[in-house]
Every structure is written in C-alpha cells, then in structure tokens.
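S.K.: take this sequence and fold it.
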Amino acid sequence: MKDDQTLNTLRIFVKVVNVFNGTPYEWDKKEKCLRLSSNLKKRICVSLAKWNIWIYLAYLIVCLAGEILGAGHVDFVVVIWLLIWILYYVWSAISFRNAQVSCSIVTALFKGMKTLFAEMAAKYPQQFSNKPAFLTYNILQMQIMAVLWILASLVVAFSSMFLVIPLKPQYISSQFEKGIQNPLVFAGFILLEIYSKASTGLVSGTDALHILVPINCNSSIRHKIHDFRTLNVLVASFNHSVTKELLSFLCYWGPGGFVLIAGFATIRFHGEVNIFEYAPFPLAVLNCSIVLFLVLFSTSTVGKVSEKLLNSINQQSPMSGRRKTILRQMKSLKTFGVEAGSIKVIERIVILKILYVISDILTTCLVTFPKEAVFS
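M.R.: Residues are numbered from 1 along each chain as shown. Here you go, the predicted structure:
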C-alpha cells in the first residue's frame, strides 16, 4: 500500500475482479487508488451480475428442495453439490449487497489507508522500510495473490467439471437434455456457465478490497496517543465499511461451511465419483481453509496490535509539565479491533474454536452417514 509495487498488485487485482465489469469499482490510474464508476456500461454489467446471482440461487434452492423432498433415494452427490453452489451464490449475494451499500466508504477507506501509510513512513522511516515477507513481496501483496489464486483455481475447476457432467441437476443445462445435443446450444451453455460462475466468484473477490493492515509505532508518548487515536478512527471506518452479514459470513459460517461440506465429500466420495467431479472437493477445502485463516488472522491481529500499543502507552511515564493532561488522555484510551456480529474484538483464539466446531460437526456427519448409507 505504501509503494508502487504494492499499488501495482492492487491495480492488477481490481482489473481481474472487473473482467466482467460486475463490480462498482475501478482503478484510478492518475491517483493510483480505488474509485467508483457510474458509466452506463458499468451499470448494465453490474445489473447482469446481480440478476445472475439471484436467478441461479433461486434455481439451486428449488432443485435442492426437489431432491430432498422428492420420492425415491436421495442422491448424496447431487445434494452436496447443490449445497456447495448455494453457499457459493449466497456468498456472492452478500458480497454484492456489501459492495452496493458500502462502496463509497470502501474507496474513502482505501485512500485513508494510503495516506496514513505515507504519513507513517515519513514519521517512522526505519519501521516502514518495506521489508519483504517472502522474496520481494510484502504481506499485503501475498494476501492479494492468494485471493487471485483461489479465484482462478475455483473458476477453472468448476468450469472444467461442467464439460464432463453438464446434465447434473446443479446446472441449468440439465433442464434441456434434448437441446444440449446440439453443439451450438451446448457451446451456449458453456459460455453461460463460465460467465455465471466466474462473475459470481469475482464479485466475492471484492471482499479483499476491504484493506486494513495494522501498524506498529515507537515514539514519544504524545505521538503514541495521537497514533492510537488515528488508528482507532481508521478501524472504526473499516468496521463501518463492512456489513455485519458479510464479516460474520467471512469469519464464521462462510469459508467454514465450505470446508465442512467439501471435507465431508472429500472423505465420503473418494473413489466413488469420477476425477473431474471429485477434484474440486479437496481444492475447495484447501482454498477455503486459506481464506478462513487469512480473514481471521488479519482481523485478529488488529486487536492484538491495539492491545500491545495501549500497554506500551500505559507503561511509558509522561514527562512533567503536561503530565495531568496526558494522564487524562491515557485513561480515555480503550482497545479497539475488528467487529463481527456481537463480538466487538476478534481474537486469535477464534481460529481454534472454529476449527474445533468444523471438526466436531464433520465427525458427526461422517458417523451419521457412513459410505454404505450414502451409496446404498
């Protein structure tokens, strides 16, 4: 965020999520930051992305109800895929609503973070020497590249799977079994599925634009109090830029739900379905585990750094002269962090709690539905 290399990584990311122009954001080349776009072509593409999400989501819910409530044996493979796709489109629907509601706040937060890094780099040059975390890449770049990898791998895997099983109930093409025999009709459905899955995934990718990187600072106590308050305002803006539904989804039941469902399928469907239908399951477990870790680790780090900075301020004795004023200011400071639902500050212990819940539910599902019952 504080150098041209990082900004270039963010520019590429914004270009990628706008391949289908399905998000309200674009990159400002002159200012080198995020901005909103309101041209007619953009509005039409955003509307198409919105209707694609809701129409396909409604279709999947109807299919799931028909599969579960219908007479005869329930096909567990179909049910699992319908649950995965429903969760996939629900994620995009929540992300889309967040982008529409909070887009102006997100762009302002982006500019504020960029300005803050510039100010901090000038104030603390030694701490902001931009040391790479891996090779020549810093932590923010690695996070963005991880999201890009997840988007690319999921889109490729899901699109390839459609070519093998186009008549499965989770695809609209299954309702046109006779028409799909025509190569032109089949090619049309291929384009439809690629657009639907890719645009939906890219809408979810906009969640990564809610950038917040914690900052450590060592200076005099008055400067620390000023920096603490500045960061407090920035984190409050971040909390305001994300809807409660989205942050709760990302931190708890979103990626965690994918890991649970895909984990069950990875174990139960091993050797029972073809490789193209099976491969997305372990891939989804890996990618969604990475998403869960990135979200929880980055959000919990904010509260940890806040607590560390506050302890540093309290341990540092104010100089004489304005001692009483500084003491009053110190007493008014409180720790801050990223909020998710009713939780005011996300802590790192949440990572272990969520992993425990996922493993517990997964074990219960595996015991309840043994392979004999699933493929009887």
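S.K.: tell me the pLDDT of the closest residue in space to residue 29 that isn't next to it in sequence.
M.R.: In space, and not counting its chain neighbours, residue 29 is closest to residue 11: 7.9 Å by C-beta to C-beta, 6 or more residues apart in numbering. All C-beta atoms are positioned from the backbone trio N, CA, C, and that covers glycine. pLDDT, residue 11: 82.
S.K.: which strands and helices sit next to the helix or strand hosting residue 11?
M.R.: Assigned by DSSP states H and E, residue 11 belongs to helix 4-17. With contacts taken as 3 or more C-beta pairs under 8 Å, 6 or more residues apart in numbering; DSSP states H and E, helix 4-17 sits against strand 25-28, strand 33-36, helix 139-164, helix 183-205.
S.K.: quick one, helices of the stretch 151-300 of the chain?
M.R.: 183-205, 221-241, 244-248, 255-268, 275-278, 280-315 (DSSP state H, counting those that start in this stretch).
S.K.: which strand or helix spans residue 356?
M.R.: Assigned by DSSP H and E, residue 356 belongs to helix 349-368.
S.K.: list the buried residues in whichever helix or strand comes after that helix.
M.R.: Later in the chain than helix 349-368, the nearest helix or strand by DSSP H and E is helix 371-374. Neighbour counts using 16 or more other C-beta atoms under 10 Å place residue 374 of helix 371-374 among the buried residues.
S.K.: quick one: average pLDDT of helix 371-374?
M.R.: Averaged across helix 371-374, the pLDDT comes to 79.
S.K.: could you export stretch 86-101 as CSV, CA atoms only?
M.R.: Extracted C-alpha coordinates of stretch 86-101, given in CSV (Å, rounded to 0.1, in the frame of the first residue of the first chain):
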residue,chain,number,x,y,z
ILE,A,86,-26.0,-22.5,-2.9
LEU,A,87,-23.3,-21.4,-0.4
TYR,A,88,-21.2,-20.1,-3.3
TYR,A,89,-24.0,-17.9,-4.6
VAL,A,90,-25.1,-16.8,-1.1
TRP,A,91,-21.5,-15.6,-0.6
SER,A,92,-21.7,-13.6,-3.8
ALA,A,93,-25.1,-12.2,-2.9
ILE,A,94,-23.8,-11.0,0.5
SER,A,95,-20.7,-9.5,-1.1
PHE,A,96,-22.7,-7.8,-3.8
ARG,A,97,-25.0,-6.2,-1.3
ASN,A,98,-22.0,-5.1,0.7
ALA,A,99,-20.4,-3.5,-2.4
GLN,A,100,-23.6,-1.6,-3.2
VAL,A,101,-24.1,-0.4,0.4
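S.K.: any buried residues in it, and which?
M.R.: Neighbour-count burial for stretch 86-101 flags 86-96, 98-99 (criterion: 16+ other C-beta under 10 Å).
S.K.: likewise stretch 295-313?
M.R.: Buried residues in stretch 295-313, counted by 16+ other C-beta under 10 Å: 295-296, 298-306, 309-310, 313.
S.K.: got the angle for the helix holding residue 356 vs helix 255-268?
M.R.: Here helix 349-368 runs at an angle of 30 degrees relative to helix 255-268 (axes from the mean of the first three to the mean of the last three C-alpha atoms, to 10 degrees).
S.K.: pull out the buried residues from helix 349-368.
M.R.: Of all the residues in helix 349-368, those buried under the rule 16+ other C-beta under 10 Å are 350-351, 354-355, 358, 362.
S.K.: check contacts around residue 354.
M.R.: Taking C-beta atoms under 8 Å, 6 or more residues apart in numbering, we find residue 354 in contact with 252, 256, 292, 296.
S.K.: quick one, what contacts the last one?
M.R.: The reference is to residue 296. For residue 296, the contact set (C-beta under 8 Å, 6+ apart) comprises 251, 346, 348, 350-351, 354.
S.K.: quick revisit: among the helices of the stretch 151-300 of the chain, show the one with the smallest mean pLDDT.
M.R.: helix 221-241 (a mean of 75).
S.K.: just the angle between that helix and helix 280-315, please?
M.R.: Angle between the axes of helix 221-241 and helix 280-315 is 150 degrees (criterion: the same axes, to 10 degrees).
S.K.: and helix 221-241, what does it pack onto?
M.R.: Counting by 3+ C-beta pairs under 8 Å, 6+ apart, the packing neighbours recorded for helix 221-241 are helix 76-123, helix 280-315, helix 323-332.
S.K.: any chance of these in a markdown table with distance to residue 63 as columns?
M.R.: Formatted as a markdown table, the helices and strands packed on helix 221-241 follow (distance: least, C-beta to C-beta, whole Å):
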| stretch | distance to residue 63 |
| --- | --- |
| helix 76-123 | 6 |
| helix 280-315 | 18 |
| helix 323-332 | 56 |
